[in-house]
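Q: just coords:
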Ligand code: NAP
């Protein structure tokens with residue numbers, strides 16, 4: 001691996017205390033790299049670098065920032081295969097998924113190159129005093145970005161691109177399972193023209209300590225986090241101390257509803273994407289699948305055949321559609337969910353057996369007859385397990401779909417578009433896939449309601465997370 005040190009002030013360097021940790025390849029459990037583990041002294045150095053670089057970057061014209069982001073998009077697009085390989089090596093996902101992720105990650109640079117020049121303001125006339133009300137957007141300040149392991153490239157660029165477009169410097173704390181992709185992106189950003197100090201990367205085994213240190217620094221004004229609801233809740237408590245602007249992309253428990261009038265082939269294809277993209281390790285993964293009783297048997301047959309056709313193996317190998325899970329804990333948790341559901345009455349239609357040997361593998365699995373008390377009904381499965389339940393009444397399935405503390409994304413398939421829109425409005429979710437199994441799009445506001453988060457990433461909304469509104473009351 002070329003880059004395994006911290007990236008601070010435009011240069012790679014070891015941790016202040018020389019500490020390092022291992023990153024494993026989930027396909028064979030070998031050590032891929034030994035990576036520097038940032039300390040609080042390193043966090044302070046990154047804060048100083050970002051603080052020193054802020055004013056000059058924020059003072060550049062929007063077009064100047066836009067051109068650098070556009071160049072980053074072009075460079076990353078040229079190197080999709082290189083990034084995809086690295087993503088597969090550290091995360092395990094199939095190369096086809098990794099290529100999809102790398103292309104999606106690059107698109108955030110293109111989208112925010114286009115948005116950088118569109119920060120809007122307005123001019124009003126104060127009704128009583130006659131003064132003018134000038135409203136404009138300013139970069140908020142240093143942003144601390146904390147990202148998960150399931151999309152090592154895209155969860156980073158989805159935050160870096162809008163922050164840079166807005167004029168903010170950033171310090172990224174990538175997940176310890178997958179820090180290599182973010183580190184590999186840094187030379188590319190340098191080549192694109194990002195000045196030193198504007199993007200810093202701090203892998204660390206002491207995440208809680210270094211993130212808390214940075215959040216306590218008055219120069220930091222934004223905490224943008226993607227990960228579990230549990231950690232997000234902790235960070236919101238910490239953010240309260242310095243009244244930091246939070247953007248939280250947290251867990252999900254997506255319902256996937258197949259109505260009796262749906263095109264079953266299309267719905268099964270949609271479910272393959274909603275369930276199996278990334279081997280099920282996605283916050284947007286279909287977790288509770290509700291199929292109308294009238295079509296359950298037919299739908300389960302079509303879907304199970306598609307699941308059975310997926311080849312499991314090392315993500316780098318030809319034809320593999322399902323790689324290993326990211327680590328042993330995740331694999332054991334998934335196996336535990338299946339065993340629990342089966343003990344409570346579910347039927348295994350495919351898979352369900354954990355293979356022996358090395359690598360954190362779990363096969364594509366289809367379960368039917370899920371009982372309401374099965375643990376996977378309330379918890380994120382985060383693996384290649386499709387858990388099918390049935391319904392026969394529209395109001396009942398809507399109530400069941402909404403019966404969760406999460407509200408990230410819901411999917412529904414119906415042949416009646418009017419019905420689809422009506423049901424969509426009653427679903428308490430930040431995003432809806434209507435006859436689609438994929439909602440992620442750099443041009444759209446990604447995010448959830450309830451305990452799935454606060455704020456949005458992507459779209460116009462994503463840049464607003466890194467800006468403060470200022471109003472000038474002017475005697476005209
Ligand atoms: P996680 O355990 O919450 O970790 C996410 C990040 O937070 C990692 O970088 C982790 O560092 C860091 N972290 C852990 N404890 C921390 C603390 N006390 N203070 C500061 N940082 C801390 O989540 P994960 O297991 O990586 O990812 C899976 C979760 O992410 C799932 O719940 C999934 O739904 C969610 N997710 C949500 C979205 C979305 O957009 N809504 C997208 C993807 C994933 P270490 O790796 O060093 O522990």
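A: Structure received. Quick caveat: nothing in here was measured; it's all calculated off a predicted structure.
Q: confidence score at the spatially most central residue of the chain?
A: In the chain, the residue lying closest to the centroid (CA atoms, centre = their mean) is residue 155, at 4.6 Å. Listed pLDDT for residue 155 reads 98.
Q: wait, doesn't it sit right on residue 225?
A: No. The criterion here is CB atoms under 8 Å, and residue 155 misses it with residue 225 at 10.0 Å. The C-beta positions use only the backbone N, C-alpha and C, and glycine is treated the same way.
Q: that older thread, mind listing what the residue nearest to the centre of the chain touches?
A: 147, 148, 226, 249 (CB atoms under 8 Å, 6 or more residues apart in numbering).
Q: the residue nearest to residue 384 when sequence neighbours are not counted: neighbour count?
A: Closest residue to residue 384 in three dimensions, ignoring its sequence neighbours and counting by CB to CB, 6 or more residues apart in numbering: residue 280, at 4.4 Å. The local packing of residue 280 (other CB atoms under 10 Å) involves 26 other residues.
Q: residues of the host helix or strand of residue 67 that come out buried?
A: According to DSSP states H and E, residue 67 maps onto helix 62-78. Going by neighbour count (16 or more other CB atoms under 10 Å), the buried part of helix 62-78 is 65, 66, 67, 68, 69, 70, 71, 72, 73, 75, 76.
Q: and of those, the nearest to residue 337?
A: Residue 337 lies nearest to residue 76 out of those, by CB to CB, at 35.6 Å.
Q: residues in contact with the nearest residue to the closest one once chain neighbours are set aside?
A: Spatial nearest neighbour of residue 76, chain neighbours left out: residue 106 (3.8 Å); criterion: CB to CB, 6+ apart. Residues near residue 106 by CB under 8 Å, 6+ apart: 72, 73, 76, 77, 80, 157.
Q: now swap in residue 39 and tell me
A: Here residue 39 is in contact with 15, 16, 17, 19, 204, 206, 210 (CB under 8 Å, 6+ apart).
Q: also residue 63?
A: 116, 117.
Q: let's see that with 10 Å instead.
A: For residue 63, the contact set (CB atoms under 10 Å, 6 or more residues apart in numbering) comprises 113, 116, 117.
Q: which of the residues you listed count as buried?
A: The buried subset of the contacts of residue 63 (16+ other CB under 10 Å) comprises 113, 116.
Q: among the contacts of residue 63, which one lies nearest to residue 49?
A: Nearest member of the contacts of residue 63 to residue 49, counting by CB to CB, is residue 116, at 22.0 Å.
Q: now the nearest residue to residue 169 once chain neighbours are set aside: how far from residue 191?
A: Nearest residue to residue 169, sequence neighbours excluded (CB to CB, 6+ apart): residue 50, at 3.8 Å. The gap separating residue 50 from residue 191 is 20 Å, by CB to CB, to the nearest Å.
Q: out of the contacts of residue 39, which one sits closest to the ligand?
A: residue 204 (6.4 Å; CB to the nearest ligand atom).
Q: excluding chain neighbours, what is closest to the closest one?
A: Nearest one to residue 204, counting by CB to CB, 6+ apart, is residue 38 at 4.0 Å.
Q: ok, that neighbour touching residue 47?
A: No. The pair residue 38 / residue 47 is not scored as a contact, 11.6 Å apart, by CB atoms under 10 Å.
Q: pick out whichever of these two has more residues nearby.
A: Just comparing residue 38 and residue 47: by other CB under 10 Å the higher neighbour count belongs to residue 38, 31 against 22.
Q: and what about that one, helix, strand or coil?
A: When classified by DSSP: H, G, I helix; E, B strand; the rest coil, residue 38 comes out as coil.
Q: what does the pLDDT read for it?
A: On pLDDT, residue 38 comes in at 98.
Q: before we move on, what about residue 240?
A: pLDDT for residue 240: 97.
Q: now do the phi/psi pair for the closest residue to the ligand within the stretch 251-400 of the chain.
A: Using CB to the nearest ligand atom, residue 283 is the residue of the stretch 251-400 of the chain that sits closest to the ligand, at 3.1 Å. The phi and psi values for residue 283, taken as degrees, to the nearest 10, are phi -70, psi -20.
Q: can you give me the distance of the residue nearest to residue 177 when sequence neighbours are not counted to the ligand?
A: Spatially, and ignoring its direct neighbours in sequence, residue 177 is nearest to residue 149 (3.9 Å; CB to CB, 6+ apart). Going from residue 149 to the ligand by CB to the nearest ligand atom, to the nearest Å gives 5 Å.
Q: which parts of the stretch 51-200 of the chain are helices?
A: 62-78, 80-91, 95-115, 154-166, 180-192 (DSSP state H, counting those that start in this stretch).
Q: and of those, who's closest to residue 407?
A: Checking these against residue 407 by CB to CB gives helix 154-166 as the closest, at 19.2 Å.
Q: doesn't residue 420 make contact with residue 394?
A: No. Here residue 394 does not reach residue 420: they are 11.5 Å apart, not a contact under CB under 10 Å.
Q: what is in contact with the two at once?
A: Contacts common to residue 394 and residue 420, judged by CB under 10 Å, 6+ apart, are 257, 259, 414.
Q: of these, which ones also sit close to the ligand?
A: Residues of the shared contacts of residue 394 and residue 420 in contact with the ligand (CB under 6 Å from any ligand atom): none.
Q: and the nearest residue to residue 188 once chain neighbours are set aside, how close does it get to residue 106?
A: Distances taken as CB to CB, 6+ apart put residue 75 closest to residue 188, at 5.0 Å, once the chain neighbours are dropped. Distance, residue 75 to residue 106, by CB to CB: 9 Å.
Q: which neighbours do the two share?
A: residue 188.
Q: got the phi/psi numbers for residue 261?
A: The phi/psi pair for residue 261 (degrees, to the nearest 10) is phi -100, psi 10.
Q: same check, this time on residue 404
A: Main-chain torsions, residue 404, degrees, to the nearest 10: phi -160, psi 160.
Q: next, format the contacts of residue 63 as a markdown table and append pLDDT and distance to the ligand.
A: Formatted as a markdown table, the contacts of residue 63 follow (pLDDT from 0 to 100; distance: CB to the nearest ligand atom, whole Å):
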| residue | pLDDT | distance to the ligand |
| --- | --- | --- |
| 113 | 98 | 22 |
| 116 | 97 | 22 |
| 117 | 97 | 26 |
